[in-house]
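Visitor: this one's structure only:
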């Protein structure tokens, strides 16, 4: 960890997001760190997240429905889409070659550049639909 992550709490928040590889609300971060026995205050987590977003290490996005902000470790890279389950509300960050080809298609054939850090695709997650993640039936 670099020198800019001076406080233990900020390092905990960054480590949590790096290890999870997914999007989380500040409340989830506070809850999960608390369950691990790490006492962090709400204001400390929000302050840490604000600084991590400014540094470019963490991305923040809001869904179109005005729900809580979601945070994800990106390490300076913000190329991903968000998949949001309309049943349970779970959000998954999607980084894959298909998304790249879809974005290129939109640019070439529609003259449209997609803002990947703000893109949310709504549907039903595998938990809610009963389809295993590894099953790909279209």
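Guide: Structure's in. What do you need? The structure displayed is predicted, hence computed values, not measured ones.
Visitor: thought residue 7 was touching residue 48?
Guide: Yes. Look at residue 7 against residue 48 with CB atoms under 8 Å: they come within range, at 7.5 Å. In short, each C-beta sits where N, CA and C put it, glycine included.
Visitor: give me the more crowded residue out of those two.
Guide: For residue 7 versus residue 48, the count of surrounding residues by other CB atoms under 10 Å is larger for residue 48: 25 against 13.
Visitor: element containing the more buried one, please.
Guide: Assigning secondary structure by DSSP states H and E places residue 48 in helix 42-55.
Visitor: what do you get for residue 83?
Guide: Assigned by DSSP H and E, residue 83 belongs to strand 81-85.
Visitor: tell me the helices and strands packed up against that strand.
Guide: strand 91-94, strand 120-123 (3 or more CB pairs under 8 Å, 6 or more residues apart in numbering; DSSP states H and E).
Visitor: can you list the strands that that strand pairs with?
Guide: Under the criterion DSSP bridges, strand 81-85 sits next to strand 91-94 (antiparallel), strand 120-123 (parallel) in its sheet.
Visitor: in the helix or strand of the chain with the lowest mean pLDDT, what counts as buried?
Guide: Across the helices and strands of the chain, mean confidence by mean pLDDT, DSSP states H and E is lowest for strand 91-94: a mean of 74. Judged by neighbour count using 16 or more other CB atoms under 10 Å, the buried positions of strand 91-94 are 91, 92, 93.
Visitor: nearest to residue 19 among these?
Guide: For residue 19, the closest of the buried residues of strand 91-94 turns out to be residue 93, at 14.2 Å, with distances computed as CB to CB.
Visitor: so what touches stretch 15-32?
Guide: 1, 13, 33, 40, 42, 45-46, 49, 52, 58, 61, 68-73, 75, 82, 91-93 (CB atoms under 8 Å, 6 or more residues apart in numbering).
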